[in-house]
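J.: just coords:
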């Protein structure tokens with residue numbers, strides 16, 4: 001058995017991952033579930049809101065507004081998946097049989113059972129069940145438990161917030177029996193739903209599936225879905241709790257959504273809020289939530305007219321249903337999308353990007369007046385770094401994204417009619433070449449004595465391992481005197497006989513990493529001083545050590561001479577300008593110590609060049625007073 005898969009789906013060996021609390025409750029007593037009382041810890045949950053949508057029409061409101069809760073788009077999507085499965089179990093079996101969800105594919109290989117054909121066959125035998133209405137108490141309970149699992153890093157029905165019977169009893173829910181599913185490794189709504197339906201790790205015990213499909217036992221009427229995003233102790237990126245309840249009343253329920261992709265099903269981002277839903281002869285009405293869902297308790301029977309008005313509906317839309325069966329009935333509403341923009345198709349980027357400025361391009365749409373782009377660091381588009389809702393062309397250049405990072409992006413089109421659906425989410429990674437190299441020595445514009453030219457530069461970033469030094473006689477860097485693109489160090493020494501006395505030369509350096517060559521550095525220049533004596537090749541002296549470093553203005557320079565030499569010291573600021581020139585005189589062979597006084601210089605980083613006969617050594621010192 002695949003160990004990773006096993007850990008991902010088995011919650012406990014002694015406790016099924018699906019918890020069902022039936023009436024009578026055998027594990028507690030043989031009597032009905034005791035009345036519920038509100039639990040402050042649940043109602044004060046800070047990570048979610050539970051506000052009603054606001055009706056956008058100006059019609060006077062009559063009757064009682066029923067609050068079914070305010071599920072997020074992800075939570076509403078899972079409710080819709082559950083209700084679709086209950087309405088047509090055979091079609092659900094077909095979808096599960098053909099799913100390409102990576103989590104399901106992985107576990108089919110790791111567990112072996114149930115197989116695709118087993119699932120398809122089993123679902124073909126299940127009865128149709130009425131849809132579930134979202135319940136605010138079950139919603140709050142589910143969210144609270146998902147947050148508790150994230151905070152404490154576990155997956156199960158018992159934790160610091162109590163076991164399921166205790167939480168259910170304290171939830172405030174007024175119904176009878178209840179059940180619960182939990183899953184802490186979800187990647188999206190379908191992944192969560194399909195894993196519950198397959199019930200890997202528990203099969204042939206299928207408690208999760210039983211709670212969803214109600215093919216045996218109690219038939220639930222209400223549900224609360226709590227999805228919290230995060231990661232802890234190897235769990236994540238989505239923690240999901242599904243809490244089911246046997247309510248004491250029936251509902252007319254559904255979702256108001258704009259079916260932009262014309263698939264006949266609610267998708268995330270399609271929900272329409274603020275639509276008033278009324279029922280003829282009913283004492284309650286609803287206003288669609290932020291994600292489009294609604295529910296209305298109804299006790300009548302026979303032919304019933306359900307009307308949606310306000311919000312996306314310019315004129316009211318009515319549907320007639322039969323409510324004579326004593327069960328929940330689902331009625332969905334969607335506006336006329338004629339003239340709305342359709343779904344945008346993304347063009348680029350979609351792979352790996354090696355430039356700092358990235359051009360985002362998508363197919364333009366004739367009916368679109370503007371576009372809305374979102375760029376995020378997560379596939380759920382929760383952590384946005386770009387959120388521009390008023391783009392006129394079908395492109396945008398962005399130069400503020402970070403190297404070595406994966407990003408996700410999507411676009412939607414807008415016109416006077418309304419807003420189209422979001423595009424599919426695409427991803428790309430940024431892996432940049434090194435930034436421009438910073439030069440050290442010779443200082444820009446400096447005149448060099450009759451000695452070797454010693455080039456040094458700062459270590460480049462982003463894992464650079466090769467440097468390309470180019471020296472030319474023209475500022476356009478065309479007349480090359482010397483070049484070396486095999487250098488793996490930050491220095492190079494050239495014999496002065498390569499150059500002409502009194503001539504100005506120019507140089508730059510570029511760095512390379514696995515992603516290519518970065519931009520060249522700034523171009524610096526130097527002049528070779530006039531002399532009739534040709535110098536020998538430079539020999540790099542032993543390392544110069546400086547202490548203290550950083551210095552408050554005075555520091556000791558320690559260096560070794562192979563023989564007695566005439567020594568000079570040049571100091572350059574960060575702009576490459578020479579700020580000090582000191583003649584240290586003839587110093588003896590061996591270890592030397594010179595106390596350098598830089599107290600007159602301002603705070604900053606300085607390059608030190610120690611010249612000892614035909615030897616040159618470089619170092620850096622920081623002054624911090």
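T.: That came through fine. These figures come from a predicted structure and were not determined experimentally.
J.: can you list the buried residues in stretch 262-272?
T.: By neighbour count on 16 or more other C-beta atoms under 10 Å, the buried set for stretch 262-272 is 266, 267, 268, 269, 270, 271, 272. For the C-beta atoms, the positions are set from N, CA and C on the backbone; glycine is no exception.
J.: oh sorry, the question was meant for stretch 454-470
T.: By neighbour count, and taking 16+ other C-beta under 10 Å as the criterion, the buried residues in stretch 454-470 are 454-457, 460-462, 464, 466-470.
J.: now those residues in CSV, with pLDDT?
T.: Putting the buried residues of stretch 454-470 into CSV (pLDDT from 0 to 100) gives the following:
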residue, pLDDT
454, 82
455, 87
456, 86
457, 89
460, 88
461, 86
462, 84
464, 89
466, 92
467, 93
468, 92
469, 93
470, 93
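J.: which two of those have the greatest separation?
T.: Using C-beta to C-beta, the two most remote members of those are 454 and 462, lying 25.9 Å apart.
J.: residue contacts, the residue lying closest to residue 66 once chain neighbours are set aside?
T.: With C-beta to C-beta, 6 or more residues apart in numbering as the measure, residue 284 is the residue that lies nearest to residue 66, at 4.5 Å, once sequence neighbours are left out. Counting by C-beta atoms under 8 Å, 6 or more residues apart in numbering, residue 284 touches 63, 64, 65, 66, 296, 297, 298.
J.: sorry, back to before: could you list which of the buried residues of stretch 262-272 belong to strands?
T.: Among the buried residues of stretch 262-272, the subset assigned to strands under DSSP state E is empty.
J.: now, which of these sits nearest residue 508?
T.: Top of the list for closeness to residue 508, among the buried residues of stretch 262-272 and by C-beta to C-beta, is residue 269 at 49.7 Å.
J.: the closest one touches residue 421, doesn't it?
T.: Yes - assessed by C-beta atoms under 8 Å, residue 269 is found in contact with residue 421 at 6.4 Å.
J.: residue 280 and residue 287, how far apart?
T.: Noted for residue 280: a distance of 18 Å to residue 287, by C-beta to C-beta, to the nearest Å.
J.: how about residues contacting the helix or strand containing residue 361?
T.: Using DSSP states H and E, the element containing residue 361 is strand 358-362. Outside strand 358-362, the residues that touch it by C-beta under 8 Å, 6+ apart are 344-349, 371, 373, 375, 394-399, 401, 409, 411, 423, 428, 430.
J.: again, only using 7 Å
T.: For strand 358-362, the external contacting residues (C-beta atoms under 7 Å, 6 or more residues apart in numbering) are 344-349, 373, 394-398, 401, 409, 411, 423.
J.: show me which of the residues you listed has the smallest pLDDT value.
T.: Of all the contacts of strand 358-362, residue 394 carries the smallest pLDDT score, 87.
J.: backbone dihedrals for residue 94, please?
T.: phi -60, psi -40 (degrees, to the nearest 10).
J.: what do you get for residue 414?
T.: With angles defined as degrees, to the nearest 10, residue 414 shows backbone torsions of phi -140, psi 150.
J.: so what's it up against?
T.: 341, 368, 369, 370, 371, 372, 420.
J.: and those residues, which of them are in strands?
T.: Of those, the ones assigned to strands by DSSP E are 370, 371, 372.
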